[in-house]
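K.L.:
let me see the structure of the following:
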Amino acid sequence: MNVLVTLDHHYYPQLQVMLTSLKLNNPRTHIALYMIHNNFPGELLADLKMWCLSVGFDFIPIQIDGKLFQDAPVSKRYPIEMYYRLLAAHILPENVAQILYLDPDTLIINPIWQLWQKDLGENLFAAAAHTGKTDLANNVNRVRLGIENAYYNSGVLLMNLTRGRKEIVPAEVFSYIEKNRKDLVLPDQDLLNAMYGDSILPLDDALWNYDARNYNTYMMRSSGKYNLKWVIEHTSILHFCGKPKPWKQPYFYRFGMLYYHYEQLAKRSWKTAAQPQ
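P.N.:
Next up, the predicted model:
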């Protein structure tokens, strides 16, 4: 299974937690971890490489020219690295046909092999649209961008790189940014939906991109079926979307305790990897 991450060093602690949860809940899956970065600190890369070796992951870091996307809208919340996934088809080695992108603020709590085996067909991506409580916001985003498809979350993306190399044209992405930069509220997500939304295979967000803020909404939507026990047994990817994060206090949402548990497991895992053999 090929997994992709793109981030700056500020999200490294969260990456450690996500990767620990990925390993623990997919123990028999051989994972090749690709990381597209721009000047990620060398000591952290070495630390990540050591951990990957200790758990049996392949680690393939790819540093790119920092000038790529230099004119794209960025902020502290939306660093330049978030755009790299859109051009992953042109950055990653040509022998990589498919990859699963995961945000570092996700938590893997069940196996994800079934997601990896999804048949993308002619689609460029598979992604989930958060439904229920966020429907109003999604409808606003659809009107704002002038799209008919659902407004998909870009935090979990199964990517068809073979088709992407043919259909995703970097110059067109840059041109869209230049023409619409003032309207890009959630820049990378807006780009994904506006340019490629009609080539996305819909995923069930309750399984593959569960919005950790919206437990009550999932309960109402499922007539009480999606309770905590159901989530623990069936949901594979929890996503800590939005500004509230469990590593920032105060955090009041109910899955914070689960995150703290994996945070502790990650500390143990990284400590073990750093110990001399």
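
K.L.:
only C-alpha atoms for contact and neighbour calcs from this point on.
P.N.:
Will do.

K.L.:
low pLDDT regions in the stretch 151-277 of the chain?
P.N.:
By pLDDT under 70, the weakly predicted segments of the stretch 151-277 of the chain are 277.

K.L.:
the strands in it, which residues?
P.N.:
Defined through DSSP state E, counting those that start in this stretch, the strands belonging to the stretch 151-277 of the chain, from first to last, are 156-160, 200-203, 210-211, 237-239.

K.L.:
cool, the stretch 1-150 of the chain as well?
P.N.:
Remark: strands of the stretch 1-150 of the chain, listed N- to C-terminal, are 2-6, 32-37, 58-63, 98-102, 106-108, 125-128; assignment by DSSP E, counting those that start in this stretch.

K.L.:
just the CA atoms of stretch 195-212, as CSV, please.
P.N.:
Listed next in CSV are the C-alpha coordinates belonging to stretch 195-212 (Å, rounded to 0.1, in the frame of the first residue of the first chain):
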residue,chain,number,x,y,z
MET,A,195,-11.3,21.5,-11.2
TYR,A,196,-11.7,17.7,-10.6
GLY,A,197,-15.0,17.3,-8.6
ASP,A,198,-16.7,15.5,-11.5
SER,A,199,-13.9,12.9,-11.5
ILE,A,200,-14.2,11.8,-7.9
LEU,A,201,-15.6,8.5,-6.7
PRO,A,202,-17.7,9.2,-3.6
LEU,A,203,-16.8,7.4,-0.4
ASP,A,204,-18.9,6.9,2.8
ASP,A,205,-17.6,9.5,5.2
ALA,A,206,-18.8,7.5,8.2
LEU,A,207,-16.3,4.8,7.2
TRP,A,208,-13.4,6.6,5.5
ASN,A,209,-13.4,10.2,6.6
TYR,A,210,-15.5,10.6,9.8
ASP,A,211,-15.7,14.2,10.9
ALA,A,212,-14.9,13.9,14.6
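
K.L.:
give the buried residues for it.
P.N.:
196-201, 203, 205-212 (16 or more other CA atoms under 10 Å).

K.L.:
could you export the strands of the stretch 151-277 of the chain as CSV, including distance to residue 65?
P.N.:
Formatted as CSV, the strands of the stretch 151-277 of the chain follow (distance: least, CA to CA, whole Å):
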stretch, distance to residue 65
strand 156-160, 22
strand 200-203, 28
strand 210-211, 33
strand 237-239, 29
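
K.L.:
now do the contacts for residue 126.
P.N.:
The neighbourhood of residue 126, defined by CA atoms under 8 Å, 6 or more residues apart in numbering, consists of 120, 157-159, 200-203.

K.L.:
for residue 197, see how far away it is.
P.N.:
When CA to CA, to the nearest Å is the yardstick, residue 126 and residue 197 sit 10 Å from each other.
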